[in-house]
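> Need coordinates for the below:
(chains A and B)
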Number of protein chains: 2
Amino acid sequence: MSFAKLDALGHRLEALEHALSILGADEATHMAVGGGEKRAEAMATLAGMYHAEASAPAVADWIESAKAESLSEDQQLALGEFERNYRNLTCLPTEFIERRTAATMRSEQLWRELRPSGDWDTFLPALEGVVALVREEAQLRADATGLAPYDALMDQYDPGNRTADLDATFGDLEIFLKDFVPEALAAQERRLSTRPRKSLNPPYPIEKQRELGLAAMRAVGFDFTHGSLAVSHHPFCGGVPSDVRMTTRYRTDEFLSSLMGVLHETGHALYEQGLQKEWSHWPIGKARGMGIHESQSLFVEMQLARSPEFWEFMLPLVHLHLGDDAIPGWEIADILNEVNHVERGYIRVDADEVTYPLHVILRYELEQELVAGKLEASQIPEAWDAKMTEYLGISTMDNMKDGPMQDVHWPAGSFGYFPSYTLGAMIAAQQWAALERDVPDAREQMRRGDFGAINGWRADRIWTQGSRWSTPELITRATGEPLNADYFKAHLKRRYLDG
Amino acid sequence: MSFAKLDALGHRLEALEHALSILGADEATHMAVGGGEKRAEAMATLAGMYHAEASAPAVADWIESAKAESLSEDQQLALGEFERNYRNLTCLPTEFIERRTAATMRSEQLWRELRPSGDWDTFLPALEGVVALVREEAQLRADATGLAPYDALMDQYDPGNRTADLDATFGDLEIFLKDFVPEALAAQERRLSTRPRKSLNPPYPIEKQRELGLAAMRAVGFDFTHGSLAVSHHPFCGGVPSDVRMTTRYRTDEFLSSLMGVLHETGHALYEQGLQKEWSHWPIGKARGMGIHESQSLFVEMQLARSPEFWEFMLPLVHLHLGDDAIPGWEIADILNEVNHVERGYIRVDADEVTYPLHVILRYELEQELVAGKLEASQIPEAWDAKMTEYLGISTMDNMKDGPMQDVHWPAGSFGYFPSYTLGAMIAAQQWAALERDVPDAREQMRRGDFGAINGWRADRIWTQGSRWSTPELITRATGEPLNADYFKAHLKRRYLDG
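Model prediction:
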């Protein structure tokens, strides 16, 4: 039986994924500094084995003949994802992959070297090479999938995402935010005039911050029998669903960045821990994609952890773990002043919830034009500056480092990924709204630190669904309607104007 | 070129070994408790991939045709080991491996269940099954290698070990020890009458013990850019040569057991860290075998760390890390009273340096008879009791738990492994003697905590030699003569009679 062969293949791929995930997490947390070269060699070899297994010609035959077999609904859905993955893995010729890998590695290295000085002119030829390859890749993927070139790129990260839908939603959001940002800033100014930002009382010892982070993870539902928290330079949520490896980093002069980071990563972790175990070796047993994953982390970070209700149970935990003098005289509104502070800035990763989508929409618009050949790499600085000026009123013309050279994505050849971030923010808001219809006292429950019903709803609607549905189908099934920016807009109004 | 194919195979096997080693170490140190099932599944699948790659029929062809190729000396030695490994991996039919795996898993589980109560009668049928399979395996390995059956078993652990050589050496040692044990006990009694054992002053906090252990590792040459120390229930030295994962465990009521354990495992670690990096993916780049590996750990633990010279620099480190009141009034002789205490006992793993070889020789003699069919499993209790009474003057007839049921080796089907322990102790003593001929002031250097020349000698003679030579050849090349029990005997006399 051919499906049985795919099932066995799934077990082999899962074992290699398990090794790669744990080795990757270990590298960032526990590996000796001199172990990197051999680790890289081992992981490259294992990744090669994975690719060879997953893209073997026999797999195509198994997929074709499994279609004629009598399969359960789950098996049929799994078969569809086996086929989608196989097509994504095999639609690029080896010769092309080698050219692309060499070019993006070189470009990424050059970017790391030149970003600090913002030397765009030296970097440009490398980026031009990458853009040419990305256009070629988009066409190859388009030919294999029947999608439009940029859609074919996005489809790798969020299956089913189409510019035809996103253009409208992002356009709607863009118009809204251009007006909303100044309104939110004005409202913030009024709030701060009656309640100025309070001072912290450092130092905050790492061991105490760790205990606070663990308490926060436990409170929102992290399962410590299937995961742990360690320290790494760049925080991440890795490992495997049965053993999720979360990390954070600590500063002793403040504690909120680590705590909010831990809550964000816990959102990713809950999704992984909540996947269906019996399908873990099938594609439908994996998390759906980047947009949905980000919606789970932003649900915890934005919908829950930056709300006033959340801090009713969280503030006492801060006092418990950091001491009574940690934030002397602070009330919930003072915490919210910090965690919901809005500011126009150059840097996407430092942006707040309100301005962040404008950073993403800028990139989404530019990369579509780049892929379509309507914009050349050499024209990026002016295009970037024009949009930053239009959206946020700040110019980047003399600052390539904090302008088009700030992100690794383009230098690394990742086009079609950026929209996932804002997609995630919108899905998170839409989920909360749908959840509140089903669980009307969800905010009351959150006040008490009770996430049982909230997590139960998400487990049913999202986590256990794995990759059964495309991203848009999953959104509709989980929330009762297609992606709709109104929920995110309402969320922003509630938090930043009414608050 | 066929050798090139073996070389590429070596890289794939090294990557899988890397994954298995790090996943294994991670499981014992950092894995979430609920991660075990998926970890076991992933490791079993990766081990299956390793076996499939290493035992593929094509490998036999590559080995045969590589023999006709023009190879360097290193390549020729590597080819010999590729062939030896291939023969060891493929000489058992799959049908037999399945039968053996099922029987030993069942027997080992039953042993874990029955050992606490010492229920020999219930356990016996399972052990009888294992013994029958071990006889079958020994014959299969004998047929494939042209060795005698028990030699074929030993050859897996220490290539080149033969009963023809070991019988004489162990026989010599046995005769010596039967007289020496009472002499050493009498000498100890005299010493203790003038210097009674001193009291410890617990508690010894774990964090301080950890710092002391790290200081001891650093002192004897552990490279922290290629390794680390963690905590696990059963201490081990695992990981890979570029990233050695050592562990220990702590008790707060005393510190010597963890410290001596750390030094033992550091001996293993130095060997791994000292292997030739350019051959790391060839069999000759790996550590030679169990006896040589144990000789490296016992060299550090027994030859170095239980000597008076060692404690001249170590005692101040104890005070530095554990505090001045940690061992009030203790002198070096008081430490030696503890770490070199001799006592007749039932349990091999708790035995001291003097009595330990008798535990091993007993097992070595019995397992030869078991494999040869001269002894049946049902006769073990009487045979064991007779030898324990003869060698150590203690009877185990009413105590199966602390008699023939104490070790996991036989229940798990590991026959031919026990001699490696005492082989290691003898090699360690012989190495020290050879080293002292070349580095006459080695003891003076140790007094100062200077292990540069000592480690340099071992790196040249042992570590960098990897698996280029059989165990007996390596002993002769490193020390200038074949295995000779006289060095171990002289070491024991010096330490336990003259001291």
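> How about the residues of the stretch 151-300 of chain A by chain B?
A:223-228, A:230, A:240-244, A:280 (Cβ under 8 Å from any Cβ of the partner chain). Bear in mind the C-beta positions are built from the backbone N, C-alpha and C, glycine included.
> Same list (these) but as TSV, adding neighbour count and pLDDT.
Formatted as TSV, those follow (neighbours: other Cβ atoms under 10 Å in any protein chain shown; pLDDT from 0 to 100):
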residue	neighbour count	pLDDT
A:223	16	98
A:224	14	98
A:225	12	98
A:226	20	98
A:227	25	98
A:228	23	98
A:230	15	98
A:240	24	98
A:241	24	98
A:242	25	98
A:243	28	98
A:244	28	98
A:280	20	96
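> ok, now how distant is residue A:221 from residue B:12?
41 Å (Cβ to Cβ, to the nearest Å).
> for residue A:280, what are its contacts?
A:14, A:241-242, A:286, B:38 (Cβ atoms under 8 Å, 6 or more residues apart in numbering or on different chains).
> so when I look at residue A:245, I'm seeing a strand, right?
Yes: assessed by DSSP: H, G, I helix; E, B strand; the rest coil, residue A:245 belongs to a strand.
> Count the residues that sit near it.
30 (other Cβ atoms under 10 Å in any protein chain shown).
> what's the answer for residue A:231, then?
For residue A:231, the neighbour count with other Cβ under 10 Å is 14.
> Pairing partners for it in the sheet, please.
Residue A:231 forms beta bridges with residue A:248, as assigned by DSSP bridges.
> is it true that it touches residue A:249?
Yes: with contact defined as Cβ atoms under 8 Å, residue A:231 counts as touching residue A:249 (6.1 Å).
> mind listing what the residue nearest to residue A:31 when sequence neighbours are not counted touches?
Among residues not flanking residue A:31 along the chain, residue B:243 sits closest, at 5.7 Å (Cβ to Cβ, 6 or more residues apart in numbering or on different chains). Residue B:243 makes contacts with A:31-32, A:34-35, A:38-39, B:22, B:226-228, as judged by Cβ under 8 Å, 6+ apart.
> Apply 6 Å and report the result again.
By Cβ atoms under 6 Å, 6 or more residues apart in numbering or on different chains, residue B:243 lies in contact with A:31-32, A:35.
> Specify the beta-bridge partners of the residue in the stretch 151-300 of chain A that chain B sits nearest to.
Scanning the stretch 151-300 of chain A for proximity to chain B using Cβ to the nearest Cβ identifies residue A:243 as nearest, at 3.1 Å. For residue A:243, the beta-bridge partners are residue A:240 (DSSP bridges).
> okay, which residue is most central for chain A?
With distances taken as Cα atoms, centre = their mean, residue A:294 lies nearest the centre of chain A, 3.7 Å away.
> ok, that one touching residue A:424?
Yes: checked against Cβ atoms under 6 Å, the pair residue A:294 and residue A:424 is within contact range at 2.7 Å.
> For residue A:498, give me the pLDDT.
Model confidence at residue A:498, given as pLDDT, is 69.
> Kindly report the same for residue A:94.
pLDDT for residue A:94: 89.
> Which stretches in chain A count as strands?
All strands of chain A, identified by DSSP state E, fall at A:227-231, A:237-240, A:243-248.
> Can you lay out those as JSON lines showing distance to residue A:89?
What follows is these, written out as JSON lines (distance: least, Cβ to Cβ, whole Å):
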{"stretch": "strand A:227-231", "distance to residue A:89": "29"}
{"stretch": "strand A:237-240", "distance to residue A:89": "21"}
{"stretch": "strand A:243-248", "distance to residue A:89": "25"}
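> closest to residue A:476 out of those?
Nearest to residue A:476, of all these, is strand A:237-240, at 26.2 Å by Cβ to Cβ.
> which outside residues touch the closest one?
A:18, A:21, A:24-25, A:245-246, A:265, A:268-269.
> Spatially, which two of the residues you listed are the most separated?
A:18 and A:265 (19.8 Å).
> farthest pair in the residues of the stretch 151-300 of chain A next to chain B?
A:230 and A:280, at 22.8 Å, using Cβ to Cβ across those.
> Can you check the pLDDT for the residue lying closest to residue A:147 once chain neighbours are set aside?
Nearest residue to residue A:147, sequence neighbours excluded (Cβ to Cβ, 6+ apart): residue A:155, at 6.0 Å. In this model, residue A:155 is scored at 96, pLDDT.
> Against residue A:415, how distant is residue A:155?
Residue A:155 is 12 Å from residue A:415, where distance means Cβ to Cβ.
> Near the closest residue to residue A:264 other than its chain neighbours, how many other residues are there?
In space, and not counting its chain neighbours, residue A:264 is closest to residue A:301: 4.1 Å by Cβ to Cβ, 6+ apart. By other Cβ under 10 Å, 24 other residues sit near residue A:301.
> And the residue of the stretch 51-200 of chain A closest to chain B?
For the stretch 51-200 of chain A, Cβ to the nearest Cβ, closest residue to chain B: residue A:53, 9.2 Å.
> again, but for the stretch 351-499 of chain A
The stretch 351-499 of chain A approaches chain B most closely through residue A:466 (15.8 Å), counting by Cβ to the nearest Cβ.
> Touching, that residue and residue A:282? I think so.
No: here residue A:466 does not reach residue A:282: they are 8.2 Å apart, not a contact under Cβ under 6 Å.
> how deep is the residue nearest to residue A:47 when sequence neighbours are not counted tucked in, by neighbour count?
Nearest non-adjacent residue to residue A:47, counting by Cβ to Cβ, 6+ apart: residue A:20, 6.5 Å away. If you count neighbours by other Cβ under 10 Å, residue A:20 ends up with 19.
> For residue A:20, give me the pLDDT.
97.
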